[in-house]
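>>> Based on what follows, work out the 3D shape:
(2 chains)
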Amino acid sequence: MAKNKKLVESITSRDEDFAQWYTDVVVKAELIDYSSVRGCMVLRPAGYAIWERIQKVLDGMFKKTGHVNVAMPMFIPESLLQKEKDHVEGFAPEVAWVTHGGDEELTERLCVRPTSETLFCEHYAKIIHSYRDLPKLYNQWCSVVRWEKSTRPFLRTMEFYWQEGHTAHENAEEAMEETLRMLDIYTEFCEDYLAIPVIRGEKTPKEKFAGAERTFTIEAQMHDGKALQSATSHYFGDGFAKAFDIQYSDRDNQLQYVHQTSWGMSTRIIGALIMVHSDDSGLVLPPKIAPTQIALIPIASHKEGVLEAAEALKDKLEDRFTLILDDSDKSPGWKFSEYEMKGIPLRLELGPRDIKSGSCVAVRRDTGEKISLPLEGIEKAVAELLEDIQNNLYRQAKELRDARIYDAEDYESFKKLIAEKPGFVRAMWCGDEACEEKIKEDTTATSRCIPFAAEGHEATGDRCVCCGKKADKLVIWGKAY
RNA sequence: CGGGGUGUGGCUCAGGUGGUAGAGCGCCUGGUUCGGGACCAGGAGGUCGCAAGUUCAAGUCUUGUCACUCCGACCA
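Alright, predicted model coming up:
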């Protein structure tokens, strides 16, 4: 028993060493393995299954709002990448280049896409001619490569999976509407499915996407109080359209430039999922995103009738829930720990005692609570339990986050809060990039976003927390991943 | 890119001053078990990250290099 305990405790305590805890969970839950390529991870079945769930739900939301999927090439000729000045400047330092095909040196080197704006723009220039061709609402699921200096599983890898939506519209209003519509979809997805509360807002000019006119973001707070940018939605105006010559004839036969957007969410969100909900026993997954919702564990399965009863229960539940029945000869205790480590939201135990009493034991992953459920009408009880787990995870995360958003009026208290209190600080900002720089230098905190005033974030004063000059922007500040 | 740490069976690690490679867990076979990581017996499995060098002899010493990890800088 004592030595077995050691196995259970092989996850580093979250409060003791958050970074090590994170790595332990990711590896022990078998989400990823390290590969022989620096900064690139193997997404193992348990990890990829989460991504597949994310894809399925998000893709459904995209389709419902009229988007269609395409696949763009993974290579971008250097000359194409160069077309939009801010864009290339932003990404050039971190692109991977292909210089040879077989033994022959290429006349023009190809970059491995770090993002696909240029490819979409090139294509749009060819296929958009009339206002009747608009809007174009394209999305693609793919992986991209950025030559990162330091990497961590999910949070920052050299190759990562994501979706990138790229749309073209007749005018600024429509493009802006689309930008915010996608921010809404990401918000809904994070809060309703991942049970991660987010703060919505706009990035400051310093933090916005290379080539964008405006960048909107949803920011989540991790269990250690640090921020993680969970998705972004960019409004491009007609900047890319002018660089790539994407024009159409409008209703009055006048040539117009399109207005564009792009938006993305990546496998990084899985890092958020882990850092928001998981605990010292391993991964915790919200039922609505968990690839497997229930682990059904027969107790004393060699005894007469146990396996049969477990099979019958499985048949009863598997149409409505994703479930695995583990009838392997591992000990029950081993299985309990294993499925806790893997984050399965609900465990059902079925043994001789339960069969005799016509019930089974349910154990919640979020609270550890054990509940006896009558087998009669168990579908409904399980559905309610899963819903309650989903809601509880969201509530817990939101309560913790809300308790860790502080307001600062002056620079001294601002610095003190950032240094001493994990979490976010709300403070006024004058709009000067120099103040952002100074704050970053003094505290390592960055501006996460300018939250929407209509969503409960009204100005807390009229002076910049850094320089004291007149300020009309409330900014959420925090240390970020 | 700077600073710290670590590379030895699948995993976690032990191997003072150089001298034929070890443990626990896991894995395989058989048996007994089964309500919080079970037990017994037998068995398989390692060019010690990689490359040079010193030496009669290198897991151990020297140099280089690669990877992982943590903390910064940079970026998502």
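
>>> The residue in the stretch 201-350 of chain A that RNA strand B sits nearest to - how many residues pack around it?
Closest contact between the stretch 201-350 of chain A and RNA strand B, by CB to the nearest atom of the strand, is at A:Gly333 (2.5 Å). C-betas here are computed from N, CA, C, even on glycine. Neighbourhood size, A:Gly333 [other CB atoms under 10 Å]: 11.

>>> Repeat that for A:Ile378.
18.

>>> Could you do A:His302 as well?
9.

>>> Quick check: the gap between A:Leu385 and RNA strand B.
To RNA strand B, A:Leu385 is 15 Å away according to CB to the nearest atom of the strand, to the nearest Å.

>>> neighbours around that residue, how many?
Residues lying near A:Leu385 (other CB under 10 Å) number 21.

>>> what's the answer for A:Gly237, then?
Neighbours around A:Gly237, by other CB under 10 Å: 18.

>>> that older thread, can you confirm the residue of the stretch 201-350 of chain A closest to RNA strand B is in a helix?
Yes: A:Gly333: assigned to a helix according to DSSP: H, G, I helix; E, B strand; the rest coil.

>>> anything in the helix or strand encompassing A:Ser230 near RNA strand B?
Assigned by DSSP states H and E, A:Ser230 belongs to strand A:227-237. Yes: applying CB under 7 Å from any atom of the strand, one finds strand A:227-237 in contact with RNA strand B at A:Gln229.

>>> doesn't A:Ala427 make contact with A:Thr460?
Yes: shown here, A:Thr460 and A:Ala427 form a contact pair, counting by CB atoms under 8 Å, at 7.3 Å.

>>> Who has more neighbours out of these two?
When neighbours are counted by other CB under 10 Å, A:Thr460 and A:Ala427 differ, and A:Ala427 comes out ahead with 30 against 13.

>>> Now the phi/psi pair for the more buried one, please.
Here is the backbone geometry of A:Ala427 (degrees, to the nearest 10): phi -160, psi 150.

>>> which residues does the closest residue in space to it that isn't next to it in sequence contact?
Leaving aside its chain neighbours, A:Ala427 sits nearest to A:Val465 (3.8 Å; criterion: CB to CB, 6 or more residues apart in numbering). Going by CB atoms under 8 Å, 6 or more residues apart in numbering, A:Val465 touches A:408-411, A:414, A:427-429, A:471.

>>> Next, work out how far apart the nearest residue to A:Pro93 once chain neighbours are set aside and RNA strand B are.
Counting by CB to CB, 6+ apart, A:Trp147 is the residue found nearest to A:Pro93 once chain neighbours are left out, at 7.9 Å. Distance of A:Trp147 to RNA strand B, given as CB to the nearest atom of the strand: 9 Å.

>>> ok, how many other residues are close to A:Trp147?
For A:Trp147, the neighbour count with other CB under 10 Å is 14.

>>> thought it was touching A:Phe91?
No: using CB under 8 Å, A:Trp147 is not in contact with A:Phe91, being 10.1 Å away.

>>> Tell me which other helices or strands the helix or strand in which A:Thr167 is found touches.
Taking DSSP H and E as the definition, one finds A:Thr167 inside strand A:159-169. Applying 3 or more CB pairs under 8 Å, 6 or more residues apart in numbering; DSSP states H and E, one finds that strand A:159-169 makes contact with helix A:45-64, helix A:117-127, strand A:136-145, helix A:172-188, strand A:259-266.

>>> CA-only coordinates of it in PDB, if you can.
The C-alpha trace of strand A:159-169 is given here as PDB (Å, rounded to 0.1, in the frame of the first residue of the first chain):
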ATOM      1  CA  GLU A 159       4.200  23.300 -34.500                       C
ATOM      2  CA  PHE A 160       0.600  23.700 -33.300                       C
ATOM      3  CA  TYR A 161      -2.800  22.800 -34.500                       C
ATOM      4  CA  TRP A 162      -5.500  25.400 -34.800                       C
ATOM      5  CA  GLN A 163      -8.300  26.700 -36.900                       C
ATOM      6  CA  GLU A 164      -7.900  30.000 -38.800                       C
ATOM      7  CA  GLY A 165     -10.900  31.700 -40.200                       C
ATOM      8  CA  HIS A 166     -10.500  34.300 -43.000                       C
ATOM      9  CA  THR A 167     -13.400  36.300 -44.200                       C
ATOM     10  CA  ALA A 168     -13.900  39.000 -46.800                       C
ATOM     11  CA  HIS A 169     -16.800  41.500 -46.700                       C
END
